[in-house]
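**Q** here is a sequence with its predicted model. Questions after.
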Amino acid sequence: MYRSRLDQNLGKQTLDYVSSISDDSEIAFYDIIGSQAHAIMLYENKIITKLEIKKILQALEKLKKEKFQNNSSAEDIHELIETLVIKKTGVKVGGKMHTARSRNDQVALDLRMKIRDDINILCKCILDTIETLVTLSEKHTDTPVPLYTHLQQAQIGTFSHYLLAYSDALFRDLDRLYAVYGRVNESPLGAGPIGGTSIPIDRNSTARMLGFKGLVENSIDATSSRDVVAEYVSAVTILMTNLSRISEDLIIWSTSEFSFVELSDQFSSPSSVMPQKKNPDVLELTRGKTARVIGNLVSVLTTVKGLASGYGRDLQEIKPSVWSTSKIAISALLVINAMFATLKVNKEKMKKVANSGYLTALDVAEELVKEGLPFRTTHKIVGHLVQAAYESKKSLSQLTLAEINKSLKEKDIDSKKILKIITSINAESSLKNRTSQGSSGTSEQKRMVSNRKTKVNMYQTGVAKRSNEVISSLDSLSKKVKSLV
C-alpha cells in the first residue's frame, strides 16, 4: 500500500525478511487506540468530517476483536491496520486516517504505550514480592543464621536480614523503573516522519487522550531516539540480575549440605533417573533467563549505537527484545514471589550452624575494644584464640584459662577477663548487642521491617495512581469513540 514510488511489490522471501507482523501482535491494540485518538484529533480540528470520523472509528473498533494473520502482505501492523480500515470504509474515508502522521511516530507511540503498561505491571509485581519478603522477614527477626563473605562464614545474623537485603535491592529496581516511567510517558505522536507537518494538528490533544503527561517535543528526537527503550531494558536487566543472585542463594541453601530452606514441590523438579532428587530447576532457569535478558540489552544497545539521526529500519529489530524482556521479568517475579510465600525455613538448622564455628570472633574483639584496647590489638588476640580453638577442635567459648594464657602473645592482657567475655557471648547476645543502623541486630530488624512496610504502602499508592491515570484517560477515549460512533 505504501509503495507509490515503486513499480514492483516485494517478493515473498523479501517480504518475509522485512516484515515485523509476527512481532507486532504485542502492539496491535496500542496502534488501534493511537489511531482512534489521532482520528478524533483530526475531526476536532476540522480536518476530517463527522461522517468520516464515524466510519473510521467504527472500523477501528471492529479491528480490536480481530486476530491478525502472519501471512498478510503488509510489512508491519501499522500498514495492516490502515489497509483493513480502508477496505472497510473505502480509500476516500480510510485514506484520511494517516493524515499528518507517519509509521515513524506510530511505532514510537506504540512502543511507549506498551512499555508504560509493562512498567506498571512490573512495579506491582516487584511490590508484591517485596511485601512477601517483608512479611517473611517479620517472622524471622530472631532466627540466627550465618552471614557469609567469600562463601565463608563471617558473622552471626538473622534470616530476616537476608530477606530485607533482597527487598532493599528490589526497592532500587522499583525506583529505577519508577523514574524511567516519567521519561517513557511522553507522546511522540504527530511528530510525523521526522520534520513535523504543515497540517494544523494538536499534538497535546492526542497526548491527553492517550494518558501521556507531555510530548517528546522535537520531531527528530520523537521519531528516531530509543534511549528510553534502552533505559527500560537496562533497568529490567539489573532487576533480573538481582533475581538471579537471590536464586543462587536459595539453590545453595536448599542443598543437603546446608538445608536452611526447602522449596515447595510445585517449584521443584525430579530426576528422570534418580528417584530421590528434588531439584531447584525453577531457580536455575531464572539464572538462565537472566542471561537472555542481558542479551536483549546488548541487542538493543548495539542496534542504536551507530544509527544516524532520523528513523532507520534497524529500529524494527529492537521490538522482540523488549517483548521478551518484559515477559521474562514479569514471569520471574510471579514465580519468585510465590516461591517465597511457600518457602519452608529450617530454623533449627540455621541456629545450630550459627552457634557453631567462630562467628562470634568479631563480637569478642569488639568487647575487648570496649575495655580500651586498640582494635588492631584485639584483632590479633582473637585471631590467636581462634587458632588455638581450631587446633583443639573446640568453639571459642570452650577454651580454658590455660589455653587462653598459652595463646596470648601480649602478657599484659587479663586472660580471666577474656575468658569471661568468650563464655558470655553467643548467637543471641551477639544479635542483641548489634545496634548500628542497618545491622543484623534484633532491634534493627524490627525497625527495618516496620520501615519497609511503610515504604511498600507509599509505592503501592503511587503505582496505583499512575495505572489509574492511564486507565481513566483510555476510558475517556473509549467514551468519546462511542459518542462519535
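**A** Everything's here; your move.

**Q** so which residues of the stretch 251-400 of the chain form helices?
**A** Under the criterion DSSP state H, counting those that start in this stretch, the stretch 251-400 of the chain contains helices at 281-304, 319-341, 347-354, 361-370, 375-391.

**Q** and the fourth one, what's buried?
**A** I take that to be helix 361-370. If you call a residue buried by 16 or more other C-beta atoms under 10 Å, then helix 361-370 has these buried ones: 361, 362, 363, 364, 365, 366, 367, 368. To be clear about C-beta, it is placed using only N, CA and C from the backbone, and glycine gets the same treatment.

**Q** how about the last one?
**A** When neighbours are counted by 16+ other C-beta under 10 Å, the buried residues of helix 375-391 are found to be 378, 381, 382, 385, 386, 388, 389.

**Q** what segments of the stretch 351-485 of the chain are strands?
**A** Taking DSSP state E, counting those that start in this stretch as the criterion, the stretch 351-485 of the chain carries no strands.

**Q** low-confidence stretches in it?
**A** Applying pLDDT under 70 to the stretch 351-485 of the chain flags residues 410-411.

**Q** tell me, how many residues neighbour residue 81?
**A** 24 (other C-beta atoms under 10 Å).

**Q** the closest residue to it other than its chain neighbours and residue 66, how far apart?
**A** What sits nearest to residue 81 in space, not counting adjacent residues and going by C-beta to C-beta, 6 or more residues apart in numbering, is residue 31, at 5.6 Å. As for residue 31, its distance to residue 66 is 12 Å (criterion: C-beta to C-beta, to the nearest Å).

**Q** so which of these two has more stuff around it?
**A** Neighbour count, other C-beta under 10 Å: between residue 31 and residue 66, residue 31 has more, with 25 against 12.

**Q** so that one is in which element?
**A** Residue 31 is part of helix 28-44 when elements are defined by DSSP states H and E.

**Q** quick one: mean pLDDT over that helix.
**A** Across helix 28-44, the average pLDDT comes to 96.

**Q** quick check: what element follows that helix along the chain?
**A** Counting by DSSP H and E, the next helix or strand C-terminal to helix 28-44 is helix 50-63.

**Q** what are the buried residues along the helix or strand following that next one?
**A** Next along the chain after helix 50-63, taking DSSP H and E as the criterion, comes helix 77-89. Buried residues in helix 77-89, counted by 16+ other C-beta under 10 Å: 77, 78, 79, 80, 81, 82, 83, 84, 85, 86, 88, 89.

**Q** could you dump the residues you listed to TSV with distance to residue 225 and pLDDT?
**A** Converted to TSV, the buried residues of helix 77-89 look like this (distance: C-beta to C-beta, whole Å; pLDDT from 0 to 100):
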residue	distance to residue 225	pLDDT
77	21	85
78	19	86
79	23	88
80	25	90
81	24	92
82	24	92
83	28	92
84	30	93
85	29	95
86	31	94
88	34	95
89	34	96
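
**Q** out of the helices of the stretch 251-400 of the chain, flag the one nearest residue 465.
**A** Closest approach to residue 465 among the helices of the stretch 251-400 of the chain is made by helix 319-341 (20.6 Å; C-beta to C-beta).

**Q** can you map out the helices along the stretch 101-250 of the chain?
**A** Residue ranges of the helices in the stretch 101-250 of the chain, as given by DSSP H, counting those that start in this stretch, are 103-138, 159-184, 203-209, 219-224, 227-253.

**Q** buried residues in stretch 470-480?
**A** Residues of stretch 470-480 classed as buried by neighbour count (16+ other C-beta under 10 Å): 470, 473, 474, 477, 480.

**Q** no wait, stretch 328-337
**A** Going by neighbour count (16+ other C-beta under 10 Å), the buried part of stretch 328-337 is 328, 329, 330, 332, 333, 335, 336, 337.

**Q** can you count the residues close to residue 419?
**A** Counted with other C-beta under 10 Å, residues neighbouring residue 419 total 17.

**Q** should've said residue 372
**A** 6.

**Q** by contact count, what packs against the helix holding residue 31?
**A** helix 50-63, helix 77-89, helix 103-138, helix 203-209, helix 442-484 (3 or more C-beta pairs under 8 Å, 6 or more residues apart in numbering; DSSP states H and E).

**Q** how about those helices in CSV, adding distance to residue 226?
**A** As requested, the helices and strands packed on helix 28-44 are arranged in CSV below (distance: least, C-beta to C-beta, whole Å):
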stretch, distance to residue 226
helix 50-63, 27
helix 77-89, 17
helix 103-138, 8
helix 203-209, 19
helix 442-484, 21
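
**Q** figure out which of those helices is closest to residue 229.
**A** So among the helices and strands packed on helix 28-44, helix 103-138 is nearest, using C-beta to C-beta, at 6.2 Å.

**Q** off-centre distance for that closest one?
**A** Offset of helix 103-138 from its chain centre (C-alpha atoms, centre = their mean, to the nearest Å): 7 Å.

**Q** that one vs helix 319-341, what angle?
**A** 10 degrees (axes from the mean of the first three to the mean of the last three C-alpha atoms, to 10 degrees).

**Q** buried residues in helix 103-138?
**A** 103-116, 118-134, 136-138.

**Q** for it, packing partners?
**A** Helices and strands in packing contact with helix 103-138 are listed as helix 28-44, helix 77-89, helix 159-184, strand 186-187, helix 219-224, helix 227-253, helix 319-341, helix 442-484; criterion 3+ C-beta pairs under 8 Å, 6+ apart.

**Q** relative to helix 442-484, how tilted is that helix?
**A** 150 degrees.

**Q** sorry, back to before: among the helices and strands packed on helix 103-138, which is nearest residue 308?
**A** Relative to residue 308, the nearest member of the helices and strands packed on helix 103-138 by C-beta to C-beta is helix 219-224, separated by 8.5 Å.

**Q** can I get that closest one as CSV, trimmed to CA atoms?
**A** Coordinates of each C-alpha in helix 219-224 appear next as CSV, following Å, rounded to 0.1, in the frame of the first residue of the first chain:
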residue,chain,number,x,y,z
SER,A,219,10.3,15.8,15.9
ILE,A,220,13.7,14.3,15.2
ASP,A,221,14.1,13.1,18.8
ALA,A,222,10.5,11.8,18.9
THR,A,223,10.9,9.5,15.9
SER,A,224,14.5,8.3,15.9
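
**Q** which residues touch residue 27?
**A** Applying C-beta atoms under 8 Å, 6 or more residues apart in numbering, we find residue 27 in contact with 77, 107, 110, 111, 113, 114, 319.

**Q** at 7 Å what do you get?
**A** 77, 110, 114 (C-beta atoms under 7 Å, 6 or more residues apart in numbering).

**Q** likewise residue 405?
**A** residue 415.

**Q** pull the number of nearby residues for the nearest residue to residue 25 once chain neighbours are set aside.
**A** Spatial nearest neighbour of residue 25, chain neighbours left out: residue 68 (6.5 Å); criterion: C-beta to C-beta, 6+ apart. If you count neighbours by other C-beta under 10 Å, residue 68 ends up with 16.

**Q** against residue 240, how distant is residue 68?
**A** Distance, residue 68 to residue 240, by C-beta to C-beta: 30 Å.

**Q** and if you look at residue 163?
**A** Separation of residue 163 from residue 240 (C-beta to C-beta) stands at 19 Å.

**Q** for residue 165, same thing?
**A** From residue 165 across to residue 240, the span is 17 Å (C-beta to C-beta).

**Q** okay, those two: which has more neighbours?
**A** residue 240 (26 against 18).

**Q** burial count for residue 46?
**A** Residue 46 has 8 nearby residues by other C-beta under 10 Å.

**Q** whoops, residue 243 was the one
**A** When neighbours are counted by other C-beta under 10 Å, residue 243 registers 28.
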